[in-house]
Structures are given as C-alpha cells and as structure tokens.
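Novice: Following is a predicted model, sequence given first.
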Amino acid sequence: YGIADIDFTNCDSFWRIEWVDMSTIEDIYKHYEVLDGAGDSVSKHEDAYVSLLAACKAGDGQKRLAPSFISKFFKHFPKFADQAIDTLLDLCEEDDPTIRKLSIKGLPRLCQDMPEQVARISDVLTQLLQTEEQTELRIVREALLSLLKLDVKGSLAGVFSQILQGVETSREQAIKFLHRFVAPLIPQLLHCNKEAEEYFLHETKKVLAEDVTGEEFQVFMALLPKLKIMSSAPATEELTEMVASQAGLTEDFQAEDSDRVHKLISCMKSAIPFFQKGASVSTALLYICTSVLPAFEKVTDKDDVRLNLLQLVAEMSACRPPPETVDVCTPSVYDLLMVYCPSPPEMKSEETEAPNLQFSFVECLLFSLHQLCKVGGSFLDGDEGVKRLQAIRQRLQYFSRRCQSYISQLRATLRGKSASQLKETENHVKVVALRTTTNISSLIKDFFHSPPSLKTTVVLSWVNKLPQSKPQQQTAPVGAANGTSATLPAKRSISPIRFDGTTGDSQAKKKIGSRPTKDLYSPPSGRFSKDIGRVPAASGRGGRGRSGFRGRGRGWSSQW
C-alpha cells in the first residue's frame, strides 16, 4: 500500500490521506490462487480476500477482474460480508458499463450460500432497474429473476420495499417488473409456496391501501387472480370490498367528473374476474344501475366512456346477481334500451331519415336485460310486464330488420377474405360489427317467444375467445350465436358500431389505455441513492399520506 493522495485543502487544521490498493492484475491472480488452492481452510486466508476487496479501488482492469473472485469466495468470509457487498455496490456506480455489468452479475452469487442476504440484494437490484442502458437493464432483470428462483419470499421483500418506500421512479420500475416478468411466473414460483403467496397478498394489500394511480391499481388487480389462495371465497370477497371502496361506490355519482368516471371504470374492470369467481356483484351492479344509468346522457362520450360503462353492466349481469338485485336493476336497463332502440318511422318518404342506430350500445343493454330477466324477477310478468314486452317488441322488430340488412352487407364484404386479411384494421372492425349484429339478432328472437324463452347464449363481441380450459367448446365462426355468456375472458375496447359502419368519433381517436412512451429516470448525481442496499424499516412512504388514487398527471385511462 502507498499514499495515493495528500489533499492540502484546509491544511491548517488537518491532512486528508487516502490509502488505496496498488495491486496489479498479477497480484489479484496470486490472491485468487491462494484462496482457490486452500481447500477447506480457505477462511484462514483473510488477508488475500481483503486484498481482493481493496483491489477494487485500483484501476479499471482490477475492477473488472476482482468482482467475480469476491463473489466466489464470499461465503467463506461472513466477517467481511458488508464490506464485500458495499464494494460491489460501489462498482455498480462506475462510469465503465463493463465494470457495472460484471458487478451486477456477481450480486446474486452472494446469496447462494447466504440466503439472509437475498432481501438486501433484491432491494439493490430493484433500484438498479432505473438504468437507461438496455443491456445492463437486461442483466439486472436476469439477476432479480435468479434471486426469485432461489428465495421467492426474500426477493419479493426487496421488490416491495422499493414499491412501498423507494423513490418514485424506483417504485414505478419495481411495479413494471412485477407486471411484466413476475406475473407469468406466479404459478411456478408461488403456487407451491403458500408462505410466499400469502406474503405477496399481504404486501399487495399494503400497496393498495396507500395512494395508487389507476394504472398501478389495475396492475395489482390483474396479478391477484393468479394467486392460488385467491380461489377461496373469503379472500375474493375481501378484495372485492377493497375495490368497491376504491371505486367510491358509497359516494354520489358525478357524471360530469371525468376523472371519477374513469376511476369507476378502472376499478370495476379489475373486479370483474372476482365477480366471475363468485364474489357478490350486488353492490357494484346496484350502484351502476341506480346511480350511473339514470345520468347516462350526462356522461362524456370521449374515449368510449359510455360504451365501457355499458360493457360493465353486461358483464356484471352475467355474474348471477341475486333476484332482489335484479328487481332493482332491470328497470334502469330497460329504460335505457328503449332510448337506444328507436321506434320505427311512422311513414316512409325520401325526406325521412332512418334513425342512427347504436349497435354496440344495444348489444350491451339487450344482453344485460336478457341476463337479468333470466335470473328471475317479475319485470316481464303480469299486466305491466306484458305492456313492457309489447313496447320493446315493437322497437326490437324494427331494429332486427335494420340489423339483418347490415349483417347481409357485412357478410358480402367479408366473403372470400383470408385469415390474414381479416386481421387488417378495416376488416377487423367489420368482423366485430358482424359479431355485434349477429348477437343482437340472436337475442332479439328470445323476446318474441311467449313467454320469452331467454335460452340463447352468445359470446359478447368484445370478448376475444372462449376459455382454453374447455377445449370441447370451440370458438364460434364470426357471427355464430353459440358460446357462453357467463364466462367472459380477456377483452379489448371496441368503438361503438353504427349503421354506416363508422366507429365512434373517428378511427384515429386515441384508445383508452394508450400513453406516450416515458423516458426512464436519470438521477441528478450518482447513479443510485446513497441508501442503496438498505432495506428500510416498515413505515409509511414519505409524502404519501393521502389515501385513494393518485392522478400524478397521467389520467385514469393510461395503462402499462
């Protein structure tokens, strides 16, 4: 060792002397040979290991070589564990990307024989997800995934530490990592580890109890159904209540408040899988039918908000609501269906314009009425029920004629198209339009039986396909009226389809869920925080005292 620097700043009071290791690359190899050849007595050669640690303060060549040796012999020197980890963390902040990558690769190796370090290293790697260099980012992700396979609970502790207590950018990157890389591995990592699965659920509840954005809320609500323990009725019901609380179902509905409306849609979409698994749908369906549908015309139609609300009603109606809920909800659905099913024109002339038909709205409302009346209730019974049925039949008959005309046009347009051609944007819109109108036509027929049969089942037009768990049920051809109405798998937003074939305000209209690509965070000084590697004690996040969702300027329609 030698004096590397003598700084005479403020020399009237003291000298600052730094000692650094002047080891050459040959010296590092010699230290390695001593440790590697020591066999079971390797722990007696502390001086050689300390020299490897000190070599990381020398030149770039030594910094590239030493990390792999440090991680290899790490388990034999627990006395120097903190020093070794800090040494590798310092190298993770080097300007040379090669040094950083080699150091990151060495971090998971430290945990192979010292699992108590997993949470700390996972916390560090989660912070390193902020890097802008793509190759380095890939190495960080691979390192985190290797830790998850080694100790899933300890690794999740580090990730959730950054979600709950890290800086904003670190939190965002940690959530994205869970969404993109951990979610597909949940069956492999968590289903066979009940303790880790319960820990994941517990930490997720802590996150949702804080102020989360709409996109963050949707990410976690998409992760939770993948957990095995979520198949239990109590767990499902508990999370459904949490969603209801976040959605504000106990508050008055403000149709003009677009942020509140987006919030309601986001929360209810997240709750649909739980309703399908048996959680009570009554509270949510009652709120939408009694508070939202009566004010439907006041809700903005920007970004297909109205269509999204009606799709929610349709999906909830298929989740077996109790008869007492059906009795309250059916009138609101019926009244709105009467609005969008116009009466036939009284006389035909060139000056009389055909009514503008909202096929997508009618599909949702007609399906909802069909499902609610199928459950039970007396809405179509008795003298009043007969009058209602006669009134809706007159409108449905006219709507059916227009629907059949549109179906003929669509089939003629799509006839002879190959599978690849049907995937093109223009043709795909027509395919969805054909599914929509065919569904409407099939459902209408049930209302012309005496009494209404309500036996037809359809696959809603925005549903991509039937569940893979039932291979005997094949997805119907475009326009077929078979399938199941009670099982509603992954879906996509579809713009309203009108008689002229247009969709919504414009084909170029921005969809709900799109948002500009966001640049990754670049710290003002140093690559990472000074507290890197320290898993903070459990406490509230600084500056996050508010409850409910945080807008943070990104809006409710944004997704990952």
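Specialist: Sure thing, it's come through.
Novice: My guess is Thr437 contacts Gln358. True?
Specialist: No - look at Thr437 against Gln358 with C-beta atoms under 8 Å: they stay out of range, at 11.9 Å. Where C-beta positions appear, they are placed from N, C-alpha and C, glycine not excepted.
Novice: who's more crowded, the two?
Specialist: Between Thr437 and Gln358, counted using other C-beta atoms under 10 Å, the more crowded position is Thr437 (30 against 21).
Novice: Put the alpha carbons of the helix or strand in which that one is found into PDB.
Specialist: Using DSSP states H and E, Thr437 sits in helix 425-446. Presented in PDB, the C-alpha positions along helix 425-446 are these (Å, rounded to 0.1, in the frame of the first residue of the first chain):
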ATOM      1  CA  THR A 425     -57.800  -3.000 -39.200                       C
ATOM      2  CA  GLU A 426     -60.600  -2.200 -41.600                       C
ATOM      3  CA  ASN A 427     -61.700  -5.800 -41.900                       C
ATOM      4  CA  HIS A 428     -61.300  -6.400 -38.200                       C
ATOM      5  CA  VAL A 429     -63.800  -3.600 -37.500                       C
ATOM      6  CA  LYS A 430     -66.300  -5.300 -39.800                       C
ATOM      7  CA  VAL A 431     -65.700  -8.700 -38.200                       C
ATOM      8  CA  VAL A 432     -66.500  -7.200 -34.800                       C
ATOM      9  CA  ALA A 433     -69.500  -5.400 -36.300                       C
ATOM     10  CA  LEU A 434     -70.700  -8.700 -37.600                       C
ATOM     11  CA  ARG A 435     -70.400 -10.400 -34.200                       C
ATOM     12  CA  THR A 436     -72.200  -7.500 -32.600                       C
ATOM     13  CA  THR A 437     -75.200  -7.500 -35.000                       C
ATOM     14  CA  THR A 438     -75.400 -11.300 -35.000                       C
ATOM     15  CA  ASN A 439     -75.500 -11.300 -31.200                       C
ATOM     16  CA  ILE A 440     -78.300  -8.700 -31.300                       C
ATOM     17  CA  SER A 441     -80.300 -10.700 -33.800                       C
ATOM     18  CA  SER A 442     -80.000 -13.900 -31.800                       C
ATOM     19  CA  LEU A 443     -81.000 -12.300 -28.500                       C
ATOM     20  CA  ILE A 444     -84.000 -10.500 -30.100                       C
ATOM     21  CA  LYS A 445     -85.500 -13.800 -31.100                       C
ATOM     22  CA  ASP A 446     -85.800 -14.900 -27.500                       C
END
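Novice: That helix - what's its average pLDDT?
Specialist: Averaged over helix 425-446, pLDDT sits at 92.
Novice: Show me which residues of it are buried.
Specialist: For helix 425-446, the neighbour count (16 or more other C-beta atoms under 10 Å) marks 427, 429-444, 446 as buried.
Novice: cool, and stretch 452-459?
Specialist: Within stretch 452-459, the residues that count as buried by 16+ other C-beta under 10 Å are Pro452, Leu454, Thr456, Thr457, Val458, Val459.
Novice: show me what contacts the residue lying closest to Lys79 once chain neighbours are set aside?
Specialist: In this structure, Lys79 finds its nearest non-sequential neighbour in Glu46, 7.5 Å apart by C-beta to C-beta, 6 or more residues apart in numbering. Glu46 sits next to Phe77, Lys79, Phe80 when contact means C-beta atoms under 8 Å, 6 or more residues apart in numbering.
Novice: ok, now how distant is the closest residue to the first one other than its chain neighbours from Cys111?
Specialist: When you say that, I think you mean Phe77. Leaving aside its chain neighbours, Phe77 sits nearest to Tyr49 (5.1 Å; criterion: C-beta to C-beta, 6+ apart). As defined by C-beta to C-beta, to the nearest Å, Tyr49 lies at a distance of 18 Å from Cys111.
Novice: All the strands of the stretch 251-400 of the chain, in order from the start?
Specialist: Counting by DSSP state E, counting those that start in this stretch, one finds no strands in the stretch 251-400 of the chain.
Novice: Any stretches of it with poor pLDDT?
Specialist: The stretch 251-400 of the chain contains residues with pLDDT under 70 at 347-354, 377.
Novice: now do 80
Specialist: 301-303, 345-355, 376-377 (pLDDT under 80).
Novice: what helices or strands is the helix or strand hosting Ala412 leaning on?
Specialist: Ala412 belongs to helix 382-414 when assigned by DSSP H and E. Helix 382-414 makes packing contacts with helix 323-340, helix 359-375, helix 425-446 when contacts are defined by 3 or more C-beta pairs under 8 Å, 6 or more residues apart in numbering; DSSP states H and E.
Novice: Dump those helices into a markdown table; add distance to Gly166 as well.
Specialist: Output for the helices and strands packed on helix 382-414, formatted as a markdown table (distance: least, C-beta to C-beta, whole Å):
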| stretch | distance to Gly166 |
| --- | --- |
| helix 323-340 | 43 |
| helix 359-375 | 41 |
| helix 425-446 | 40 |
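Novice: Just the element for the spatially most central residue of the chain, please.
Specialist: In the chain, the centroid-proximal residue (C-alpha atoms, centre = their mean) is Val219; its distance is 2.5 Å. Applying DSSP H and E as the criterion places Val219 in helix 214-223.
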